[in-house]
Structure formats: C-alpha cells, structure tokens
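> Provided below are the primary sequence and the corresponding predicted coordinates.
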Amino acid sequence: MTVKISHTQDVQNLFREACGLNNEQGSPRLKQLMLRIVGDVAKIIEDLQVTDDEFWQAVDYLNRLGARGEFGLLVPGLGLEHFLDLLQDAKDAEAGLSGGTPRTIEGPLYVAGAPLAEGQVRMDDGSEDGVATVMFLEGVVRDTQGKPVAGAVVDLWHANTKGNYSYFDKSQSDYNLRRRIVTDTEGRYRARSIVPSGYGCDPQGPTQECLDLLGRHGQRPAHIHFFISAPGHRHLTTQINLAGDQYLWDDFAYATREGLVGDIQFVEDEAAARDRGISAKRFAELTFDFQLQKAPQAKAERRSARPRALQQA
Ligand code: MBD
Ligand code: FE
C-alpha cells in the first residue's frame, strides 16, 4: 500500500509556511505558484513512489542543467515551448484573432542588439567562404489586407554550417549570422547569408542525457529565426524551416509548422553566380513573405520580456 501524507493538514501547513503564505512580505503571485509547485512535487513523489535515489538524482540533474545553461534547451525538447504556442493559438481563436503567418518558438539562442540595416544586408562575416553555400534570402512583410509594411524591423538569426550560433559559439565573430533589417518602401527585406545547417544538442550535455533516456534524438532541421515588429502590428516570433531537411517533420523542438516551410532552391549556374557577385558554381535562393496581424493593443507590438542574452561591446 502506498503511504500518502501530502494532503494532511500538517503537511499543507508546512508547505504554506515554506511558501510564505503566513507572512505579508514578498510576492503574492510567486507564493501562489510556489505553493502549487511544491504541493504537486510532493504528490508526484507519493503517487509515483519516487525513491530517495531518484529524487536526489533529479536535484543533481537540475543543478547540472542550470550550470550548463541548458534549461532553455530542455524546455523546447520536452514540447513545453511549443505548448505555449498552442495555448496562445487557442486563446487567439477564443478572442477571434486569426490570420497572418503562424507563430513558432523562439528557442534559447537569440541575442539582442544585432546590427541594424536598411532594406538589405550581408549577414555572414565571410569566415565560411568556400565552405558554406551562399544564400540569398528575401521577402515582403505585409499586413492582413496584403498591403506591404514599410519600416518593419525583421530581426533574424540562424546557425552556421556546423549548426552553431554566434555568441554561444565563441569561435564565431560577434553577431555573425544575426541582423536586424528595416523593410524598404515596398515592405521588402533582403539578406545575403549562408545556408544554415540543422542544430543538434551537445551529445555530452544534460539535455541530450535526458533525451537519451527518453529514447529520442536532439536534432533540429535547418532553420532561420525571425522576430518581426512594426508599429500598429502584432509582434511575430517565427521561423522558416528548410524543405528537404531530414528532420523537417522530426524536430526535437517541435517548431516546424504548416506554413513555415521554406522552399529553398539550389541554383547550379556559374554565370548566374558571377552576376550575383559570388565565385562559386552553386548558391541558394529562398523567398519567404510574412503577414502580420493588427495589434489588438499597444503591448502586443512588443516581444515578451523573456530574459535574453545581450552581446557586451
Ligand atoms: C535551436 O537552434 C533552436 O532553434 C531551438 C528551438 C532549440 C535549440 C536550438
Ligand atoms: Fe535555432
């Protein structure tokens, strides 16, 4: 028979005291959340008969996860970041908000403050010249009426050919493959960059350690992240996931969605390449337009206040 005590008055009082419910200081909201979390952890321990060894292993795991800065990586891996999108979609449907490019997860690898350019920019620092395939990316930002949005900020970031992101990968230059592009009078953004490779969790890291025990891989398809914002429009967090990638619909982070698949075209034409100013036989083209919803209120124009990395000058 399983022994259960978490429901008793003594234990409930203990948790209420531990979570600050008996004092007038601190944050009422945090007290509410902590009481629920502590009580639910206790219930899990009882219901699933968690052993001491299992419990302390979990404590050690969370220490290691945090020490490696991978909590924000395990969250999408467990489907929780995608769940937040599904929940917001459901709230939007309830509120009658629809249309526009679908949202999808931000992921843990954004860095604020990327260089700002007008209309077009080169995103790579040339360090993978001759190794990477040059990618010409462009598109138009429109409103839900189909009217181009001039002056929108397209803040985009992606991995290099090794699947690594600058800032987190210190071997890359600051802000490599990260830019903000202001759309021109036709609502257009244009970037010359390199074709990214898919991301894989560090095989030695704590996230992959958990995924291994769940019988799962930690791979993402090649993709490009976007924040798109413009006055009067709802902030959009989304990604283009590249067609043809073996992980397109087998993404460990569940970010690929219908409507977010980029039909990248590889062009084998030396003369066309020369016209484009590159000395390779092969390059890639990707066109992707975005549609922004109207902002229901001013706050909706801005991204969440999620803590994010900021490159130190
Ligand atoms: C990534 O590049 C990413 O986009 C997500 C969601 C998780 C890990 C790495
Ligand atoms: Fe990513």
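That came through fine. Ligands and ions are numbered 1, 2, ... in the order given.
> can I get the CA coordinates of stretch 289-299 in PDB?
Once side chains and other backbone atoms are set aside, the C-alpha atoms of stretch 289-299 remain, and they are given as PDB (Å, rounded to 0.1, in the frame of the first residue of the first chain):
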ATOM      1  CA  ASP A 289       6.900  36.600 -47.200                       C
ATOM      2  CA  PHE A 290       5.400  37.300 -43.800                       C
ATOM      3  CA  GLN A 291       2.000  38.600 -42.800                       C
ATOM      4  CA  LEU A 292       1.400  40.500 -39.500                       C
ATOM      5  CA  GLN A 293      -1.800  40.700 -37.600                       C
ATOM      6  CA  LYS A 294      -3.000  44.100 -36.400                       C
ATOM      7  CA  ALA A 295      -2.000  44.800 -32.800                       C
ATOM      8  CA  PRO A 296      -5.100  44.500 -30.600                       C
ATOM      9  CA  GLN A 297      -3.400  46.800 -28.100                       C
ATOM     10  CA  ALA A 298       0.000  48.600 -27.900                       C
ATOM     11  CA  LYS A 299       1.500  45.900 -25.700                       C
END
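> next up, the contacts around Asn13.
Residues near Asn13 by CB atoms under 8 Å, 6 or more residues apart in numbering: none. (C-beta placed from N, C-alpha, C; glycine too.)
> what's it sitting at in phi/psi?
When read as degrees, to the nearest 10, the backbone of Asn13 gives phi -70, psi -40.
> how deep is the closest residue to Glu46 other than its chain neighbours tucked in, by neighbour count?
Using CB to CB, 6 or more residues apart in numbering and skipping the chain neighbours, the partner closest in space to Glu46 is Lys4 (4.8 Å). Other residues lying near Lys4 total 13 when counted by other CB atoms under 10 Å.
> is Lys4 in contact with Leu48, as I believe?
No - the pair Lys4 / Leu48 is not scored as a contact, 11.8 Å apart, by CB atoms under 8 Å.
> wait, a strand at Glu138?
Yes - counting by DSSP: H, G, I helix; E, B strand; the rest coil, one finds Glu138 located in a strand.
> pLDDT score assigned to the residue of the chain found nearest ligand 1?
Proximity to ligand 1, evaluated over the chain using CB to the nearest ligand atom, is greatest for Gly107 at 2.8 Å. Turning to Gly107, the model gives it a pLDDT of 98.
> how about it: what's its closest non-neighbour residue?
With sequence-adjacent residues excluded and distances taken as CB to CB, 6+ apart, Gly107 is closest to Pro76, at 6.1 Å.
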